[in-house]
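> compute the structure for the input listed below.
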Amino acid sequence: MSPDTACIPRLTRHAPEAIRSWDNVHFLHPWESMSPDPADRVIAAAGEGIHLVDAEGRRLIDGPGGMWCVQIGYGRREMAEVIAAQALKLAYHSPWAFASEPSALLARRLAEMAPGDLGTVFFTTGGSSAVDSALRFAQFYNNLRGRPEKKLFLARERGYHGSTYLAASVTGKDRWQNTMDAERRLVRFLPDIAPNRRPPGMSVEDWTDAKVDDLSRAIREEGADRIAAFIAEPVMASGGVVVPPGDYVRRTRDLCRAHDILYISDEVVTGFGRLGHWFASEPVFGIVPDILTCAKGLTSGYLPLGAMIVSDRLLAEISGEDRAEVMFRNGYTYSGHPVCCAAALKNIEIIEREGLLDHVRTVAPQFQARLAALGRHEIVGDTRGLGLLGCVEGTARPDLPEEKRVKIDHEFGQRVDEACEARGLIVRPLLNMCVFSPPLIITPAEIDRMFDILDEAIAEVGAAMM
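Next up is the predicted model:
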């Protein structure tokens, strides 16, 4: 039992063994293995602050912040109250036939927060559908401009953009091992941009030049008249918290603008304070995209909601009196759902009232310093992050036997996760990496506790695997 174990009664109505059995038999989880062996998932019974509580009352620091989304932490009574009040007042309305106060207020608020002239909001059900809508808008935009051949999308290896068909098609993460279908005719992937993958002796500046050249080459080879958009996360989250090198983001945005290629900034993870700003594109990376997608931290995970925010310039180019019969034929039953929008408004209010953007900028140096210090372990090949995003990557020494190197490449993340969980911390394992993005409310003392656990866990795993 961890030091954080709370001696309180079991928090579930049914026995944990029964819950786990029903879950294994009846719930097909995201990224579910087809193995017949039952999974041994932690049963989440409650949440408080930065902690998840399991069915036996054991408290675990939620290192991944849910799924990069629980910005304001768990157990916020005022969130529950505003959700309940809106559900009683107006639980639903058709977004085709009606407008409502929560969605109108939220659309105006997001337009104020977004960079540049991104002033028009299209609401979706989550990040995947926000990306899907952005890609469909790019196609729609080019059709109305009389350029039906301009439909190719550029994306990056290791980038993750969602699970709906178009969003999955532009996802470069694990695409060579993916047994799901995707529309590859619409996509060209640019090579990995991770600075730690650059050849020995190459400077970050030269690597940045090479990565920008990858985009230039793709534009030359495919033809700018065929490319609709380039989609990129400011920081590649699920791909291993890859922070783009140097001025890569600005230079690629400039290339897109010069060749009339839309730039889609996928801020599903980096939005709503993760890097200390409402959105990272402009204040952190110095760009104003043509389209921005967001979700996750928009409601802090309390309810599902996403959005695509579009440049008013783009809409002006395809609008007019002669376009009255032309429709953007894309929509969802739950677009602008009033209860979800009310939750988002309250979430934004809490982030503002508690100064969480300033807080993230204040504690980020401590978070990143503790992260970098983990590089002292021999089994750690790289540590990287930005704001309250972090990744530890395990790397085997080249002189180790092949069997040990393969184990580290495939098991490091899982073993660190297990060692952390035993000590009261959840991290997200990705083969030889562990990633984390804790709730934005995390305190300096809690940051130290989190990294103390990681330090101990990595030492244990390193001793066993090296």
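
> tell me where the stretch 51-200 of the chain has helices.
Ranges of helices in the stretch 51-200 of the chain, per DSSP state H, counting those that start in this stretch, are 65-68, 77-89, 101-113, 127-144, 165-169.

> the stretch 201-350 of the chain now?
Per DSSP H, counting those that start in this stretch, the stretch 201-350 of the chain carries helices over the ranges 204-222, 248-258, 312-318, 338-353.

> now those as CSV including distance to Glu183 and mean pLDDT?
Heads up, the C-betas are built off the backbone N, CA and C, glycines and all. Putting the helices of the stretch 201-350 of the chain into CSV (distance: least, C-beta to C-beta, whole Å; pLDDT from 0 to 100) gives the following:
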stretch, distance to Glu183, mean pLDDT
helix 204-222, 16, 98
helix 248-258, 21, 98
helix 312-318, 23, 97
helix 338-353, 29, 98
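
> and the ones you listed: which comes nearest Thr383?
helix 204-222 (15.8 Å; C-beta to C-beta).

> nearest to Glu456, of the helices of the stretch 51-200 of the chain?
helix 65-68 (21.2 Å).

> and the gap between Asp37 and Val212?
46 Å (C-beta to C-beta, to the nearest Å).

> neighbour count for those two, which is higher?
Val212 (20 against 7; other C-beta atoms under 10 Å).

> grab the nearest non-local neighbour of the more buried one.
Nearest residue to Val212, sequence neighbours excluded (C-beta to C-beta, 6 or more residues apart in numbering): Arg251, at 4.8 Å.

> work out which residue lies at the spatial centre of this protein.
Val269 (3.0 Å; C-alpha atoms, centre = their mean).

> what's around the nearest residue to that residue once chain neighbours are set aside, how many residues?
Distances taken as C-beta to C-beta, 6+ apart place Ala237 nearest to Val269, at 4.0 Å, with adjacent residues excluded. Using other C-beta under 10 Å, Ala237 has 25 other residues around it.

> also Asp448?
13.

> check contacts around it.
Gln366, Arg370 (C-beta atoms under 8 Å, 6 or more residues apart in numbering).

> quick one: it from Ile72, how far?
Taken as C-beta to C-beta, the span from Asp448 to Ile72 is 21 Å.

> can you check Asp54 too?
21 Å.

> what do you get for Gly424?
21 Å.

> who's more crowded, these two?
More crowded of Gly424 and Ile72, by other C-beta under 10 Å: Ile72, with 26 against 19.

> I figured that one hits Ile350, correct?
Yes - under the criterion of C-beta atoms under 8 Å, Ile72 makes contact with Ile350 at 5.1 Å.

> list residues touching both of those two?
With C-beta under 8 Å, 6+ apart, Ile72 and Ile350 have common neighbours Met79, Leu356.

> residue ranges for the strands of the stretch 301-450 of the chain, please.
In the stretch 301-450 of the chain, the segments counted as strands under DSSP state E, counting those that start in this stretch are 306-311, 380-386, 389-394, 425-426, 428-430, 433-436.

> endpoints of stretch 424-442, how far apart?
One end of stretch 424-442 sits 15 Å from the other (C-alpha to C-alpha, to the nearest Å).

> hmm, back to that, right, so of the helices of the stretch 201-350 of the chain, which gets closest to Pro30?
Taking these one by one with C-beta to C-beta, helix 338-353 is closest: 20.0 Å.

> buried sites along the closest one?
338-348, 350-351 (16 or more other C-beta atoms under 10 Å).

> go on, stretch 159-176?
159-164, 166-173, 175.

> sorry, back to before: make a markdown table from the strands of the stretch 301-450 of the chain and add mean pLDDT and mean neighbour count to it.
A markdown table is the format used below for the strands of the stretch 301-450 of the chain (pLDDT from 0 to 100; neighbours: other C-beta atoms under 10 Å):
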| stretch | mean pLDDT | mean neighbour count |
| --- | --- | --- |
| strand 306-311 | 98 | 26 |
| strand 380-386 | 97 | 20 |
| strand 389-394 | 98 | 26 |
| strand 425-426 | 98 | 24 |
| strand 428-430 | 95 | 19 |
| strand 433-436 | 96 | 26 |
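
> dump the ones you listed into TSV; add distance to Thr333 as well.
Below are the strands of the stretch 301-450 of the chain laid out as TSV (distance: least, C-beta to C-beta, whole Å):
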stretch	distance to Thr333
strand 306-311	14
strand 380-386	36
strand 389-394	33
strand 425-426	33
strand 428-430	31
strand 433-436	33
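
> nearest to Thr12, of those?
Nearest to Thr12, of those and by C-beta to C-beta, is strand 425-426 at 18.1 Å.

> give me the contact list for that closest one.
With C-beta under 8 Å, 6+ apart as the criterion, strand 425-426 contacts 42, 52, 60-64, 417, 420, 450, 453-454, 457.

> which one among those gets closest to Ala324?
Pro64 (46.9 Å).

> from Ile291, how far off is Asp260?
14 Å.

> same drill for these two, tell me which one is more crowded.
Ile291 (27 against 14).

> so who does the more buried one touch?
By C-beta under 8 Å, 6+ apart, the neighbours of Ile291 are 118, 134, 137-138, 229, 262-265, 308-311, 314.

> could you dump the residues you listed to a markdown table with distance to Gln86?
Formatted as a markdown table, the contacts of Ile291 follow (distance: C-beta to C-beta, whole Å):
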| residue | distance to Gln86 |
| --- | --- |
| Leu118 | 26 |
| Ala134 | 27 |
| Phe137 | 28 |
| Ala138 | 33 |
| Ala229 | 35 |
| Leu262 | 35 |
| Tyr263 | 35 |
| Ile264 | 31 |
| Ser265 | 30 |
| Met308 | 23 |
| Ile309 | 23 |
| Val310 | 26 |
| Ser311 | 30 |
| Leu314 | 32 |
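
> contacting residues for the closest residue to Gly375 other than its chain neighbours?
Spatial nearest neighbour of Gly375, excluding adjacent residues (C-beta to C-beta, 6+ apart): Thr383 at 4.9 Å. Contacts for Thr383 (C-beta under 8 Å, 6+ apart) come out as Leu371, Ala372, Leu374, Gly375, Gly390, Cys391, Val392, Glu393.

> if we go to 10 Å?
Shown in contact with Thr383 (C-beta atoms under 10 Å, 6 or more residues apart in numbering): 196, 241, 368, 370-377, 390-393.

> and Ala91, by the same measure?
Contacts of Ala91 (C-beta under 10 Å, 6+ apart): His337, Pro338, Val339.

> kindly indicate which of the residues you listed lies nearest Arg217.
Closest to Arg217, out of all of these and judged by C-beta to C-beta, is His337, at 43.1 Å.

> give me the distance between that closest one and Tyr302.
Distance from His337 to Tyr302, by C-beta to C-beta: 13 Å.

> now swap in Arg156 and tell me
Counting by C-beta to C-beta, the gap from Arg156 to Tyr302 is 31 Å.

> just Pro438 next, same as before
Counting by C-beta to C-beta - Pro438 and Tyr302 are separated by 17 Å.

> neighbour-wise, which of the two wins?
Each of Pro438 and Tyr302 has its neighbours counted (other C-beta under 10 Å); Pro438 has more, 26 against 22.

> contacting residues for the nearest residue to the more buried one once chain neighbours are set aside?
Nearest non-adjacent residue to Pro438, counting by C-beta to C-beta, 6+ apart: Gly65, 5.2 Å away. Counting by C-beta under 10 Å, 6+ apart, Gly65 touches 50, 71, 73, 269, 274, 296-297, 300-301, 388-389, 426, 428, 436-442.

> alright, calling it a day.
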